Every structure is written in structure tokens, then in C-alpha cells.
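Engineer: Test case, fold it:
(one chain, ligands or ions: 3)
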Amino acid sequence: MSLIVQKYGGTSVGSVERIQAVAQRVYQTVQAGNSLVVVVSAMGKTTDGLVKLANALSANPSRREMDMLLSTGEQVTIALLSMALQEIGQPAISMTGAQVGIVTEAEHTRARILHIETDRLERYLNQGKVVVVAGFQGISSTEELEITTLGRGGSDTSAVALAAALRADFCEIYTDVPGILTTDPRLVPEAQLMTQITSDEMLELASLGAKVLHPRAVEIARNYGVPLVVRSSWTDDPGTWVTSPKPIGRSLVNLEIAKAVDGVEFDTNQARVALLRVPDKPGVAARLFGEIARQKVDVDLIIQSIHEGNSNDIAFTVTTPILKRAEAVAAAIAPALRSHPHAPAEEAEVMVEQNIAKVSISGAGMIGRPGVAAQMFATLAEANVNIHMISTSEVKVSCVVASAECDRAVAALRSTFEIEAVQEDTETERRGDVESNFPASPPLPLSPSHSTPPVRGVALDMNQVRLAIRQIPDRPGMAAKIFGLLAQHNISVDMIIQSQRCRIVDGIPRRDIAFTVARIDGDNAQKMLSQAGAELGWGEVVLDSAIAKVSIVGSGMLGQPGVAAKMFEALAQNQINIQMIATSEIKISCVVAQEQGSKALQVIHEAFGLAGSEKFVVPA
Ligand code: ADP
Ligand code: ASP
Ligand code: MG
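Structural biologist: Residues are numbered from 1 along each chain as shown. Ligands and ions are numbered 1, 2, ... in the order given. Below you'll find the model as predicted:
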């Protein structure tokens, strides 16, 4: 007998018939000898409808009232599903988030779960009842007992958090697709189903736009080792398992806001090659990295900054032993990449920096917590360490710094994030130990010893905008100021890129920094940073909202040359210009023009051989 948490999304409970079908599945699961907590979303597109109503009355409705409004959607479904269960003879009781005691921060519309009371749930379960819980909502830890919501798509997070709190055997997420696919089947019908994916990979995919799982749900599954499966509520197919490493016994207090960083790592064996002033047109990155891959040079981080005029800078890091080879390739290709064939002064220039180190913080609690990266930058600034390059991912933020400053940087970061000095290998240890948390039943999925494909999935995010800050004084502390300000306003940042070029203006060396933020935060961030710029001495803050971000994710790309080149080539062949590139260990993201986003997704998916012969039809 198992304790299972099942979650049914909006489409799965979109009509009376669907609710009856869900009741049948729940009933059968209980008949098979299991105890069940069922989490449900609002019916169909109810939440969208409620948002529309609010927007018809106010352009900027109060976040508290939005929570009052949106939390009603789920309350309808819990009552109806309980009735449907009782009707077929299955004892059931519905509960709102507040009734359960899903206690959250008082942060309206994006509250994080602090802890979950399990007494009442357990009492009903012991009485043989199915407990039907409203997803997406909670109650604030403050005296006022305010109703809160967790953010759009947050029912997944409610379900996994309940599974963690109840120490359930596993959590099943029922939705309108057969599981996790190589990409969104609504955009690419040839997407293929995966039998399993690691939580690190899924965390990246979910955060990069694959909305099949709420990223915070994956984060909780990873931190607490909750076995998680995504399945269709229309069939009995097994779906996709999300595998997590063995958890380090974590407390259930401060469930979603516990320690965000659990490792500080460094690598002094790094060198950077930058190509300055390459033309801003399709095919340049493909050519450069194509040649690099042919020479079997494995690059680590790649960044391409926004163009100034009509040229770009591309920089990448390699390990020191292969620097000579990497530099030779870059130097050989530079003349062919000149922007102005008749103006040698404008020729692409190769710049090598040897004495650099990469310092990183890692941990699965950084999602949607912009303060964590800001704290890293502030720590480095206080230690008077200048940041040369930044790479961000959901589980890691890395900064390239001068190698002479590495020890100082690491010591400062360890002290800020309270990390003992023996943790450099956390990442490797974790990777070696996936999959230890599967329940004996349902059946074990494929073992991870099956060769890992370099790219597991592809995602498209059309909900981001790009901000560029011009002419920021190049000295320690500026990144800390900028991202600290954004964090204060709870604005999460992705793809942070500093230009490689340094320009002297008014006697001060200056660089540009570009980054992406969620579309809804764009105007606000621009306004705030423009105001701050007048005081802190940076230039114009430019907003571009016509962008799309397309990303590839896969832990198999580690140590495999040529993956980036293949992505860039697919874009080049289709005349898609790359505006920005940013990478982390297991993902590569490119910003392209918004109208080319969907095409970019398709051609990249195809290029990595992810397309299957069968086409998926998603229920309307
Ligand atoms: P629910 O209402 O059940 O929570 P969602 O609409 O939130 O469902 O998430 C399911 C949808 O996620 C699918 O219909 C699909 O269009 C989309 N999706 C995006 N990326 C992927 C992916 N990689 N695999 C599966 N589905 C995806
Ligand atoms: N009903 C909420 C939404 O549409 C939560 C969820 O479905 O996960 O965002
Ligand atoms: Mg969802």
C-alpha cells in the first residue's frame, strides 16, 4: 500500500465528464490499495478568464485582490470532484489551502511555501477518505491569515510540496500530454516522449519555458527526493519519471526558502578567448564554433553580447591546456569574419586572457529568488573582485574573475553562503547518484547507463524582454548594484551578459551589460534602472521586447565538443540571426527576433534528431 499524491491540471478537469473520468481513476487507485491526496487546478481556462475580468476593471489590480479572485477557481474544482467521488461510493472531502494549513510567505501572487500542516490530512486519510486539495493556494504565516497564491502554474508545486510534507511514496502529475516531451508538441507536433529525465535537466527546461511542470515543483522534488512522474489523464501509459539524487535530510520547515546555495566551486584551469567586432549577421557563430568543434576543442562557457553598431563580440572559455589550439582557430578565422572588407582597422580582433578562474555557487533553491545572484555579486564587490563574465542557470551562477583573486573570491562566497570548505565535488557526487529514489512500483524506468543524448529537450520562451545598460563603469560593485536593485523589486534576471569591449568615456573604462527579464517586469526594470543610472553614472537603458529565447538542455553535452556549433548552424542555415548567446554547463540559450522564435525551435529540434515519426495531437 502506497501513499500517493495525484495532481490534475486544468484540461484534465475541464468539464463534468472530465471530472467524472478523474473520479474513476482516483477510485481505481484507492481500490488497488493506496491512500490518496488529490490536488486539482481550476477547471479549463478558468484562471485566464478571471485574470481577464480583473484586467477589464483595472490595469494594475492589487495583488491581494488578485489572490482573492484567482483562488476561487480551484475551490470550485475541489467541491465538484469530491461530489463526483462520493457519488460513486468513494468517501472524499475537499479542502482549501487554508484549511489544510499550506502556510506561505505573505507575498501575494508569488508566495513560497513555508510549511504544511499534515495532522488534519492524515486524520482523514486514516478514515479511508480521499482528500481533495485546492492547488495553487495557501494561507499567509502572518496574523491576518491572508489567502495567497503561488504564481501561475503553481498547482504542480502544491502537489509536490504535499508529497514531501506527507512523505508520500510518489507524486503523479496528470496533464493533457503523455508526459515530458523533447519540446512543446503544440509548437512541434513531432516532439517525442521521454521515459525519464533528471531533475537538473527538467529544472532548466521548465525554467526556460517548458510549462509542462512548474519549475518550483521540480525544485522541491529535487531537494526532498520526491519521486515524480508526469502522465496523461486520458490514458494508462506510464509517462515520464523525473529522477532526483538522494536527498540530504532536509527539514520540512521553510520548505521553499531553505538554504538556496549548497556549494561553492572554483576552477583555476581556465582561459578566455574573445573575438571582438565580428559582423552581426546569421552564420558567424556557426562558422566559428563549427571550426572549433572540427578541431575537437571543447568550450565551456560561451557568451555573445548585444551588438554595438553592426558588430558583435563573442567570448568563450576553454581549459588552459587547449588554449593554444583554441586561439589558433580563432585567429585563423578572424580575417574571414571582418565586418568591413575594405577597412582592416575594423577587422575582428582576437583577445586572449589566460590568468582567469571560474567561481560558482550552486544549489536548487535559486529559482525566482533574484536576491541570491545579487548577493553573490555583492560579496565579490565587497572583496574587491572584478567580474569579467557571468553565466547563470537555475542551479548555478558562475563568474569569471582574475585568477589572482580566486582564493579571495571563494573565501568570501563561502562565508556569505555558510559553506564548509570541502564541497568542491558536490556536483560530481550528485550526478553519480541519480535514481536512487524510485518506488518499487510503478516499474523502474530505463537505467541512466543508457547513453545520454547530448540534448534532452528544446524550449522556447516568448515571455522575456531584453534590457541593455550602456556604458557602465568597469569596476567592482556595478553588477552588485544593478542586480541588487532588481532583486529588491523581486525581478528575476536571466542571461546576464557583459560586453567584452571596454570603451573609455570621460576617462573611465566602461562596458555594456545586457540581460533578460520576464515581460511583465520589463517596463518597471527599465524605469528603475534609468533613474538609478543618473546617480550611479551609467548611460542609457534600452528595452527590446521583440525577442524570443530558444534553449537546448542536456547533461550529455558536458565534455562533448560540437553541440553549440550544431545549434548555431541550424539557425544560420535558416537565416536566423543570433542576438545573444549564453551558456551554462547543461544548457545553451540564444536570443533571436521574436517572429523567428517558433521557427528557431523547430529547426533546432530537428537538427538534434529529436523529431519522431509520430505526431502528437494535444486535446483542445
Ligand atoms: P496543466 O493544466 O495540466 O497543468 P499545462 O498547460 O500547464 O497543463 O502544461 C501542459 C502543456 O505544456 C502541454 O499541453 C504542452 O503544450 C506544454 N509543454 C511545453 N513544453 C512541453 C514539453 N517539453 N513536454 C510536454 N509538454 C510541454
Ligand atoms: N489555476 C492556476 C493557473 O492557471 C494554477 C495551475 O493550474 O497550476 O495558473
Ligand atoms: Mg500546469
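Engineer: all contacts plus neighbour counts: C-alpha atoms, from now on.
Structural biologist: Noted.
Engineer: middle-most residue in the protein, spatially?
Structural biologist: residue 207 (2.3 Å; CA atoms, centre = their mean).
Engineer: isn't that one right up against residue 215?
Structural biologist: Yes - using CA atoms under 8 Å, residue 207 makes contact with residue 215 at a distance of 5.6 Å.
Engineer: Please name the residues that touch whatever residue of the stretch 1-150 of the chain ends up closest to ligand 1.
Structural biologist: Closest to ligand 1 within the stretch 1-150 of the chain is residue 9: 3.2 Å, counting by CA to the nearest ligand atom. Residues near residue 9 by CA atoms under 8 Å, 6 or more residues apart in numbering: 40, 41, 42, 155, 173, 174, 175, 176.
Engineer: Flag every residue of this structure that's near ligand 1.
Structural biologist: 9-11, 153, 175-177, 179-186, 210-212 (CA under 6 Å from any ligand atom).
Engineer: Just the buried residues from the residues you listed, in ChimeraX please.
Structural biologist: Listed next is the ChimeraX selection for buried residues among the residues of the chain next to ligand 1, using 16 or more other CA atoms under 10 Å:
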select :9,10,11,153,175,176,177,179,180,181,182,183,184,185,210,211,212
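Engineer: Restricted to strands, list the residues of the chain next to ligand 1.
Structural biologist: Judged by DSSP state E, strands contain the following of the residues of the chain next to ligand 1: residue 175.
Engineer: Just confirm yes or no for the longest helix that the chain contains near ligand 2.
Structural biologist: Secondary structure of the chain per DSSP state H: the longest helix is helix 63-87. No - Helix 63-87 stays out of contact with ligand 2 when judged by CA under 6 Å from any ligand atom, the minimum separation being 6.6 Å.
Engineer: Dig out what the nearest residue to residue 182 once chain neighbours are set aside forms beta bridges with.
Structural biologist: In this structure, residue 182 finds its nearest non-sequential neighbour in residue 457, 4.3 Å apart by CA to CA, 6 or more residues apart in numbering. According to DSSP bridges, the partner residues bridging residue 457 are residue 553.
Engineer: Return the distance of the residue of the stretch 1-150 of the chain closest to ligand 1 relative to ligand 2.
Structural biologist: To ligand 2, residue 9 is 6 Å away according to CA to the nearest ligand atom, to the nearest Å.
Engineer: Residue 526 too?
Structural biologist: 27 Å.
Engineer: Residue 263 now?
Structural biologist: Residue 263 is 31 Å from ligand 2, by CA to the nearest ligand atom.
Engineer: next one: residue 524
Structural biologist: In terms of CA to the nearest ligand atom, residue 524 sits 23 Å off from ligand 2.
Engineer: quick one: that residue is in a strand?
Structural biologist: No - counting by DSSP: H, G, I helix; E, B strand; the rest coil, one finds residue 524 to be helix, located in no strand.
Engineer: Now do it, the pLDDT please.
Structural biologist: At residue 524 the predicted local confidence, pLDDT, stands at 93.
Engineer: Could you do residue 208 as well?
Structural biologist: Reported pLDDT for residue 208: 91.
Engineer: got it, and residue 56?
Structural biologist: On the pLDDT scale, residue 56 gets 97.
Engineer: what about it, neighbour count?
Structural biologist: Other residues within reach of residue 56, judged by other CA atoms under 10 Å, total 10.
Engineer: Please report the distance of it from residue 126.
Structural biologist: 46 Å (CA to CA, to the nearest Å).
Engineer: and what of residue 210?
Structural biologist: Applying CA to CA, the value for residue 210 to residue 126 is 37 Å.
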